[in-house]
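S.K.: one predicted model, sequence on top.
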Amino acid sequence: MSDKNTMSMIDKVLIEMKNGNIDNFEILYELTSKPLLALCYSYTKNVEDSEDALHDTYMKALQQIKKFKGKKGFNWLYTIAKNTSINILKKKQKIILIDVLDEENSLYFVDTSHSLIEDNQEILKLAKEILKDNEFRLIILHTIEGLSLVEIAKSLNKNESTIRWQYNNGLKKLRKELERRNK
C-alpha cells in the first residue's frame, strides 16, 4: 500500500468521517480491507479470527475517529489492526492458560489452528510441573499476559529485582529441564 494517491484518499476519507460523514465508510473499507485482512491473518493464522480482527479494527476506528490526526491514515488503521490481532491472540492464550491452570493431569485446548499455541502446550505443562507456583505465575504473567516485570512487581507489591531474579531463575530451571529431556 504505497500508492500516494491511495494514501491521500484514505486520509481524505478519514478526515471526512471525523467531520461526521460516516457514509464514506464504504470507500474506506474498499481502500483498506484487503491489506488489513492480510495483516490480521499474518498474526492470527486463522481466517475466522482474522475476519473478527478486521471487523473489530473498523469498529475501534469508528469509535476513535476523533483521535485521528489528519494524516497517515493507513498507518493509524494498521496500528489498530495489529493491536486488535494481538489482543485476539492473547484472549486465546488466556483460554488455554485457564485450561492449564485448572486441569491437574490433562490439558484440554480450544480448537485452534494457531501453531504457536499448540507448540507451547507441552512447555506450559512442563513449567507447571517443575517450577514453584510463584515462578510459574511470573512466567505466565510476563510471557503470555504481556505484563512487564515492573508491572508485575508493582501489582504484587514486591521489589522489582526480586521479581526479575525469580523470573530468570524459573526460566533457567525450565531451559535446563528442556535440555535434559532433549538429550
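M.R.: Looks like it came in fine. Since the model is a prediction, treat every value here as computed from it, not as a measurement.
S.K.: run through this structure and note the low-pLDDT ranges.
M.R.: 1-2, 93-121, 144-145, 183 (pLDDT under 70).
S.K.: quickly list the domain ranges of it.
M.R.: Residue ranges for the domains of the chain, per automatic domain parsing: 4-89, 91-182.
S.K.: quick one: distance of the first one to the chain centre.
M.R.: Relative to its parent chain, domain 4-89 has a centroid offset of 17 Å by Cα atoms, centre = their mean, to the nearest Å.
S.K.: just say which of the domains of the chain is most tucked in.
M.R.: Counting by mean count of other Cβ atoms under 10 Å, domain 4-89 has the highest mean neighbour count of the domains of the chain, with a mean of 16. Every residue, glycine included, has its C-beta placed from N, CA and C.
S.K.: do you know how far I65 is from K71?
M.R.: Computed as Cβ to Cβ, to the nearest Å, the I65 to K71 distance reads 14 Å.
S.K.: if you could redo that for Y167, that was the one I meant.
M.R.: In terms of Cβ to Cβ, Y167 sits 41 Å off from K71.
S.K.: ok, now which ones touch L31?
M.R.: Contacts for L31 (Cβ atoms under 8 Å, 6 or more residues apart in numbering) come out as T6, M9, I10, V13.
S.K.: now, those that are in strands?
M.R.: Among the contacts of L31, DSSP state E puts none in strands.
S.K.: can you lay out those residues as CSV showing distance to E160?
M.R.: Formatted as CSV, the contacts of L31 follow (distance: Cβ to Cβ, whole Å):
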residue, distance to E160
T6, 46
M9, 48
I10, 42
V13, 46
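S.K.: pull the residues that contact the helix or strand containing R180.
M.R.: Using DSSP states H and E, R180 sits within helix 160-182. Defining contact as Cβ under 8 Å, 6+ apart, one finds that helix 160-182 is touched by 123, 126-127, 130-132, 134-136, 138-139, 142, 149-150, 152-153, 156.
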